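Asks: Okay, predicted coordinates and the sequence, questions at the end:
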Protein chains: 2
Amino acid sequence: MPIDQQQTIPSVWTRPRGRREQPALSREQIVAEAVQLLDSEGIDALSMRKLGTRLGAGATSLYRHVANKDELIELVVDEVYGELDEPDTDKPAHWRDATTLRAHNLRAMILKHPWIASVLGEVGVAYLGPNLMRLSDRMIATFEAAGFPLDESDHAVRTVFAYVTGMTTSEAAWLTMLARSGQTEQDWVERLWPAAEEAAQSYPRLQKGYADKRGKDPRTSRDENFVYGLERILDGLEVRLSKTA
Amino acid sequence: MPIDQQQTIPSVWTRPRGRREQPALSREQIVAEAVQLLDSEGIDALSMRKLGTRLGAGATSLYRHVANKDELIELVVDEVYGELDEPDTDKPAHWRDATTLRAHNLRAMILKHPWIASVLGEVGVAYLGPNLMRLSDRMIATFEAAGFPLDESDHAVRTVFAYVTGMTTSEAAWLTMLARSGQTEQDWVERLWPAAEEAAQSYPRLQKGYADKRGKDPRTSRDENFVYGLERILDGLEVRLSKTA
DNA sequence: TTCTTCTGAGTACAGTGTTCGCATGGCTTG
DNA sequence: CAAGCCATGCGAACACTGTACTCAGAAGAA
């Protein structure tokens, strides 16, 4: 019999079977599963216990790989920043096109993971996350190549970032609320209509704004709003660039 | 003896003494106290129980005036928007000055109540809060008076709003984290320095950016960054205005 | 072999938001 | 003035939460 494990334990039945055949827990695995859980069930559903059982592990086992929940969230945020793929070609695209592309990518990423909206305010800009650092570096490089000095490039990157996250966070919060109520965007606008009209009664400008938006598809309306602001910012940067050059 | 209350209860000792002399609980009172609690102890310290005891009431009593915690937070957010005082004179200031002033006011308000950063992502723009509606209306009016059509005015307001909230949310998160660690901003930068340098090793631009910021006062650095972005946005809007006019 | 070092997990604790039912008193009716 | 309704406060309870502590067992080193 080749099997001669140490038999120090009274009964075979009580002794747990050999180590878990699952390759074990890893930080990467935990973070990936957390993203999946967040995507499918939202921020409120993320608990250490639930995440643990999803991984076939106890809740407290996760703490071997992650200091606490806040740290897990930092990791998760940087993880999704990692989804933003950079154009790997170094052919110098015009700074404006490159920035526009990246802004749209960032927005799309946030809308794909709308739970980020809830945590960005606690994590801020995930300070030292490698993926975010890489992105920042590339964006600064773009502005420098366009002729901005280094410190201004940094400012410019932060400006675009602040705008995109600010605008999209608000969108994401809106969409999350919709998802929770199970309504479509169109439905909700119509339901909200009387209440909004009531509330806006003393503000004719808002009222008219609502009325104008009534017929339009809310999604394209959001899109237009986003590009409007982005274009203005890029215009402003362009003015600055032409004046310093 | 003028006192002849109904004596249906066996023992005087067991019967609770007359009603609470405190004028009772009101929604306004609850919201005000919540703001105070949030300001002094931060977002994590806001629990219904703690808020209740602060008001000399049981935790569950609050639910008579507020549907749930989320609703309380919506109220609290609109409450602090109400702190933004509008210039009540209707003398038409230049749109740019007026917007600059409001942007700085909004930033100051958020930095005064940094816990907002944590909830803005869940509340989004507190959709129908009266104070926020008033502010929006006034800002739209400013842009309309400057010559923007209504729908563009709406876009413009949202753009400025997104920028300010995006940028300031990030600042607030940073300051909150500092406060939790009990360090000053200067301290932290110096402590973080080796880690940041380590992390930024492969990104010379970031490294140089850190180095440049090393000597400067972080606070003025943040201020400068904020006004830089704001100026660019206003420049962009100005370009747009001159082209349509 | 023996010893150390690492990993998973069970238990427990102090808290959380919220529901339910009950008691109480003030206000509105008769 | 009396009776009843109803808004309000509140204690108990429930289903969860994050996480500290402790211990069992396996893997690797000596």
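Replies: Yes, it's here. Numbers count the residues shown, from 1 in each chain, chains lettered A, B, ... in the order given.
Asks: what residues does stretch A:174-193 touch?
Replies: With Cβ atoms under 8 Å, 6 or more residues apart in numbering or on different chains as the test, stretch A:174-193 has contacts from A:42, A:111, A:114-115, A:117-118, A:210, A:213-214, A:217-219, B:122, B:124, B:127. All C-beta spots, glycine's among them, are computed from the backbone N, C-alpha and C.
Asks: for stretch A:223-234, that is, sorry about that
Replies: Outside stretch A:223-234, the residues that touch it by Cβ under 8 Å, 6+ apart are A:96, A:99-100, A:103, A:107, A:159-160, A:163-164, A:167-168, A:171, B:152, B:154-156, B:158-159, B:162-163, B:232-233, B:236-237, B:239-240.
Asks: What subset of the contacts of stretch A:174-193 is buried?
Replies: Listed as buried from the contacts of stretch A:174-193 are A:Pro114, A:Trp115, A:Ala117, A:Ser118, A:Tyr210, B:Glu122, B:Gly124, B:Tyr127; burial here means 16 or more other Cβ atoms under 10 Å in any protein chain shown.
Asks: on that earlier part again, would you mind trimming the contacts of stretch A:223-234 to those in range of DNA strand C?
Replies: Here nothing survives when these are matched to DNA strand C using Cβ under 7 Å from any atom of the strand.
Asks: Which PyMOL command selects the buried ones in those?
Replies: In PyMOL syntax, the buried subset of the contacts of stretch A:223-234 is picked out as below (16+ other Cβ under 10 Å):
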select buried, (chain A and resi 96+99+100+103+107+159+160+163+164+167+168+171) or (chain B and resi 152+154+155+156+158+159+162+163+232+233+236+237+239+240)
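Asks: List the ones among the contacts of stretch A:223-234 that fall in helices.
Replies: Counting by DSSP state H, those place A:96, A:99-100, A:103, A:107, A:159-160, A:163-164, A:167-168, A:171, B:152, B:154-156, B:158-159, B:162-163, B:232-233, B:236-237, B:239-240 in helices.
Asks: I'd say A:Glu86 and A:Asn131 touch.
Replies: No - using Cβ atoms under 8 Å, A:Glu86 is not in contact with A:Asn131, being 10.2 Å away.
Asks: how about A:Gln36, what does it touch?
Replies: Per Cβ under 8 Å, 6+ apart, neighbours of A:Gln36: none.
Asks: what comes up buried for the host helix or strand of it?
Replies: Taking DSSP states H and E as the criterion, A:Gln36 maps to helix A:27-41. Across helix A:27-41, burial judged by 16+ other Cβ under 10 Å covers A:Ile30, A:Val31, A:Glu33, A:Ala34, A:Val35, A:Leu37, A:Leu38.
Asks: Could you give the average pLDDT over that helix?
Replies: For helix A:27-41, the mean pLDDT works out to 97.
Asks: following that helix, which helix or strand comes up?
Replies: The element immediately downstream of helix A:27-41 (helix or strand, assigned by DSSP H and E) is helix A:48-54.
Asks: list the helices and strands that following helix packs on?
Replies: Applying 3 or more Cβ pairs under 8 Å, 6 or more residues apart in numbering or on different chains; DSSP states H and E, we find helix A:48-54 packed against helix A:27-41.
Asks: what do you get if the cut-off is 10 Å, keeping everything else the same?
Replies: helix A:27-41, helix A:69-81 (3 or more Cβ pairs under 10 Å, 6 or more residues apart in numbering or on different chains; DSSP states H and E).
Asks: Please see if the last one touches DNA strand D.
Replies: This points to helix A:69-81. Yes - counting by Cβ under 7 Å from any atom of the strand, DNA strand D is contacted by helix A:69-81 at A:Lys69, A:Asp70.
Asks: If you average the pLDDT over that helix, what comes out?
Replies: Average pLDDT, helix A:69-81: 96.
Asks: Compute the inter-axis angle for that helix and helix A:27-41.
Replies: With axes from the mean of the first three to the mean of the last three Cα atoms, to 10 degrees defining the directions, helix A:69-81 sits at 80 degrees from helix A:27-41.
Asks: List the buried residues for helix A:69-81?
Replies: Across helix A:69-81, burial judged by 16+ other Cβ under 10 Å covers A:Leu72, A:Ile73, A:Glu74, A:Leu75, A:Val76, A:Val77, A:Asp78, A:Glu79, A:Val80, A:Tyr81.
Asks: wait, the second one sits on A:Val119?
Replies: Yes - under the contact definition of Cβ atoms under 10 Å, A:Ile73 touches A:Val119, with a separation of 5.4 Å.
Asks: Find the nearest non-adjacent residue to A:His65, please.
Replies: Computed as Cβ to Cβ, 6 or more residues apart in numbering or on different chains, the closest residue to A:His65 that is not its neighbour in sequence is A:Arg27, at 4.5 Å.
Asks: quick one: contacts for the one you found?
Replies: A:Leu62, A:Arg64, A:His65, A:Val66, A:Leu72, A:Leu75 (Cβ atoms under 10 Å, 6 or more residues apart in numbering or on different chains).
Asks: Farthest pair within these?
Replies: Distances among the contacts of A:Arg27 were taken as Cβ to Cβ; the most separated pair is A:Arg64 and A:Leu75, at 14.3 Å.
Asks: quick one: low-confidence ranges for chain A?
Replies: Within chain A, the stretches with pLDDT under 70 are A:1-23, A:88-92, A:125-126.
Asks: Can you tell me which residues in it are near DNA strand C?
Replies: A:6, A:20, A:24-25, A:52, A:56-61, A:64-65.
Asks: Just the buried residues out of the residues you listed, in ChimeraX syntax.
Replies: Buried subset of the residues of chain A next to DNA strand C, written as a ChimeraX selection, criterion 16+ other Cβ under 10 Å:
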select /A:25,52,57,65
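Asks: and the residues of chain A next to DNA strand C, which of them are in helices?
Replies: Reading helices off the residues of chain A next to DNA strand C with DSSP H, I get A:Gly52.
Asks: Tell me, how many residues neighbour A:Ser242?
Replies: The number of residues packed near A:Ser242 is 9, by other Cβ atoms under 10 Å in any protein chain shown.
Asks: and the one residue in chain A that gets nearest to chain B, how many neighbours does it have?
Replies: Here chain A gets closest to chain B at one residue, A:Gly166, 2.5 Å apart by Cβ to the nearest Cβ. Neighbours of A:Gly166 under the rule other Cβ under 10 Å: 25.
Asks: ok, it - contacts?
Replies: A:Gly166 touches A:120, A:229, B:120, B:158-170, counting by Cβ under 10 Å, 6+ apart.
Asks: between the contacts of A:Arg27, which is nearest B:Ala145?
Replies: Using Cβ to Cβ, the contacts of A:Arg27 come closest to B:Ala145 at A:Leu75, 48.2 Å.
Asks: wait, doesn't the closest one sit right on A:Val31?
Replies: Yes - applying Cβ under 10 Å, one finds A:Leu75 in contact with A:Val31, separated by 4.9 Å.
Asks: if I look at those two, which residues touch both of them?
Replies: In contact with both A:Leu75 and A:Val31: A:His65, A:Val66, using Cβ under 10 Å, 6+ apart.
Asks: Which segments of chain A make up each domain?
Replies: What automatic domain parsing lists as the domains of chain A is A:1-66, A:86-182+A:215-244.
Asks: got the ones you listed as JSON lines, with distance to DNA strand D columns?
Replies: As requested, those are exported to JSON lines (distance: least, Cβ to the nearest atom of the strand, whole Å):
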{"stretch": "domain A:1-66", "distance to DNA strand D": "3"}
{"stretch": "domain A:86-182+A:215-244", "distance to DNA strand D": "12"}
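Asks: No further questions, thank you.
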